[in-house]
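Student: sharing a model that was predicted from the sequence below.
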Amino acid sequence: MSKRVKIGNIYVGGGEKIAIQSMSTYKLENIEECIKEAVLLEKKGCDIMRYSVLDALDAKSFSQLKKHTKMPLVADIHFDYKLALLSIDGGTDKIRINPGNIGSEQKVSEVARAIKQNGVAVRVGSNTGSIDKEFLDKYGKNEISLGESALKNVAILEKQGVENIVVSVKASSVPLMIKAYEYLSERIEYPLHLGVTEAGTEYVGIIKNSIGIGSLLSKGIGDTIRVSLSAEPIREVKCAKAILRSLGLIEEGAEIIACPTCGRCEWACMDMAKKVEEYLDGVDKPLKIAVMGCVVNGPGEAKDADLGVAGGKDKCVIFKKGEIIKNVDKKDVELEFFKEIDKCIR
Ligand code: SF4
């Protein structure tokens, strides 16, 4: 099991719940937009939020953001150690920086001192675009060079006495990313931040993230996840929740079960499934709702569902745990089914 690391008011690792992260698409100078986004994402289940820090003003924005959200905030910094120090001063809970990129040992030790004094966490890591030249020359682009690049940064921080470390090794190739995290998990006990980098547009990205993050989590590897999509951060959080729910790692939220339909389907099953999904977005109560194509197989196939509906030629049935509780005319099914859903979520 990984070590437990404190990030703001939460812990990651050590068997704590898997924390969902996202990253703002706004610049911190648009502070009002950032605040609105943070409030929404926190409400929708995001646990940690990251922001690019480009200058001193950005670094000072964390104190303002923190007035509006309880989520731990992460400052993403590339090379400038002064921005790391200013962000810590500004109230960030974690910094994303590679000490190997900071420069002199004196600068690294200044950042390390600030991390320790303020109880801030730090994420170090590598991705296929930032593999250390030493390892790239020695091993080529593979899980070993990715893993060793991350471990080199870990070692720099350990030398400075920093222990609140989270590590990542991202790649856009799913098999490489899986092997790299396995490589790390065999060598260190720090919590791992899972992600597929540059995963692509939403459709392909969801598939790549689900396979990459999902297969590692199913082996017990990973403590916090960031689904990376070329889409709004809210879509990343939604996808992350669905991955965790599919693996049985969280119970909150409604799960929609819907059949693919076939020639036996004689009603607008897919439309109904979409409407139900939209209606239940944001409901935290653990609930399984089924929308099935036919009365012949629907109730039986979805007997796990807390509530379900299956359509016929003229009549539909509403059922609970496979037992039919109501027969309704097809024209009334939406109204009747949503009445039953309301009773369940109340
Ligand atoms: S539940 Fe009925 S409509 Fe849906 S796939 Fe099965 S047989 Fe076909």
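Tutor: Cool, got the structure.

Student: find the closest residue to the ligand in the chain.
Tutor: Of all residues in the chain, residue 293 sits closest to the ligand, at 2.5 Å by C-beta to the nearest ligand atom. Every residue, glycine included, has its C-beta placed from N, CA and C.

Student: tell me the spacing between that residue and residue 329.
Tutor: Distance, residue 293 to residue 329, by C-beta to C-beta, to the nearest Å: 18 Å.

Student: which stretches of the chain aren't confidently modelled?
Tutor: Of all residues in the chain, none has pLDDT under 70.

Student: again, only this time at 80
Tutor: Within the chain, the stretches with pLDDT under 80 are 199-200, 282.

Student: what does it put close to the ligand?
Tutor: 259-262, 264-265, 292-294, 297-298, 301 (C-beta under 6 Å from any ligand atom).

Student: OK, contacts around the residue of the chain closest to the ligand?
Tutor: 259-262, 264-265, 267, 269, 310-311 (C-beta atoms under 8 Å, 6 or more residues apart in numbering).

Student: next SSE downstream of the helix or strand where residue 318 lies?
Tutor: Using DSSP states H and E, residue 318 maps to strand 315-320. Scanning forward in sequence from strand 315-320 by DSSP H and E, the next helix or strand is strand 323-329.

Student: what's in contact with that following strand?
Tutor: Contacts of strand 323-329 (C-beta under 8 Å, 6+ apart): 299, 314-319, 336-337, 340.

Student: out of those residues, which end up buried?
Tutor: Neighbour-count burial (16 or more other C-beta atoms under 10 Å) applied to the contacts of strand 323-329 gives 299, 316-319, 336-337, 340.

Student: what residues of stretch 259-277 count as buried?
Tutor: Buried residues in stretch 259-277, counted by 16+ other C-beta under 10 Å: 259, 261, 265-267, 269, 272-273, 276.

Student: for stretch 235-254, same thing?
Tutor: Buried-residue list, stretch 235-254, by 16+ other C-beta under 10 Å: 235-245, 250, 253-254.
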